[in-house]
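1. Whatever this is, show me its structure:
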Amino acid sequence: MNSISNNTNQAEIIFGYHATIAILQAENAPQKVNKIFLQKGLHSEKIAAIVKIARAKHLVIQDTPKTRLDELTNHGNHQGIVLTVTPFEYVDLAQLLQDLRGRNEEPFFLILDNINDPHNFGSILRTADAVGVNGIIIPKRRAVGVTSVVAKASTGAIERLPIARVTNLVQTIKQLKEQNIWIFGTDMNGTDYRQWNARGAIALVIGNEGKGLSPLVKQQVDQVLTIPMIGKVQSLNASVATGVLLYQAFTSRES
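-> I've put the predicted structure just below:
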C-alpha cells in the first residue's frame, strides 16, 4: 500500500467510503485504525456515517484540506475519506488450512499466478467473497499485493477474505495436492468450464493478465478449464474470466 509517516512509524493508506466502512465495522478497528482524515468542509450522509461509527469506537478524526487528501492518495478517488491503518496482515497458509479443517470446511481456494493489475485484483476479491471462496493465495514476487487501490476496488472484501502470500507457487500447489486438494487451471485448450465439477476441496489457479499460467504452475494442475468463445476476441479480462469460473464453481458446489 502507499504509506506515509504518522509521527512514530509507517502507516498504510486506505481511502474511499466502502473500504473505510468495512474496516471501521470490523471488531479490530480500534487496534487497526490509526487516524481518520475527513475532507474539511465536506458534508454528506457518507461522511456522517463514518463519523458516527468512528466516535462510537473512540477513533481519532482529523479535518483535512482536500489538497492533503489528494496528496496522500496520489490523487485517487478518495471521496473525502482517508484512513491510516496498521499494515495488512497476510495469513499463514498452514494455519488457514488447520482452521478450515477445524470448522469442517472444505478448502475453496483461489490462487493468483502473477496478477499485476490492482484493479483486477480488487475486483477478483469482490467476486471471491461473493461466492464463498475461503482463501486467496498470491506470490510474494512479480505480483501485486494488497495496496490501497486493491482495498478500494475490493469494496471491503479484503477485510473478510484470508489472503496468504507465499514464496513459491509451485511448491505451494504441491503441498495443497498432498492435502487432497484438487487443482484446476485455465487455458485456451481444456475442458469446457460448464462441465466443471467443483465440489470438494479445490483450488482454482488464475494466470497473469497477458501470459496466462506460468509453465511450471501449469504442469501442476490436475485439470485445465477453458471458457469457449465464438467472437473474434479470444481472451477475457482476468477479473471477468475469474468471475465466470467462480460462479460456475459456486453453482456446482451449491447443487
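2. What helix or strand is Ser123 located in?
-> helix 118-131 (DSSP states H and E).
3. how far out from the middle of the chain is that helix?
-> 6 Å (C-alpha atoms, centre = their mean, to the nearest Å).
4. Check stretch 78-98 too.
-> That offset, for stretch 78-98, works out to 10 Å (C-alpha atoms, centre = their mean).
5. Report the buried residues of it.
-> For stretch 78-98, the neighbour count (16 or more other C-beta atoms under 10 Å) marks 78-85, 88, 90-91, 93, 96-97 as buried. For the C-beta atoms, the positions are set from N, CA and C on the backbone; glycine is no exception.
6. List the contacts of stretch 58-67.
-> For stretch 58-67, contacts defined as C-beta atoms under 8 Å, 6 or more residues apart in numbering pick out 24, 29-30, 33-40, 42, 51, 54-55, 80, 82.
7. Give me the buried subset of these.
-> Buried among the contacts of stretch 58-67 (16+ other C-beta under 10 Å): 24, 29, 33-39, 54, 80, 82.
8. pLDDT-wise, what's the bottom of those?
-> Within these, pLDDT reaches its minimum at Ala29, with 84.
9. in the stretch 1-150 of the chain, which spans are helices?
-> 17-24, 29-32, 45-56, 66-72, 93-102, 118-131, 148-153 (DSSP state H, counting those that start in this stretch).
10. can I get those in TSV with distance to Thr191?
-> Below are the helices of the stretch 1-150 of the chain laid out as TSV (distance: least, C-beta to C-beta, whole Å):
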stretch	distance to Thr191
helix 17-24	36
helix 29-32	42
helix 45-56	45
helix 66-72	47
helix 93-102	26
helix 118-131	20
helix 148-153	30
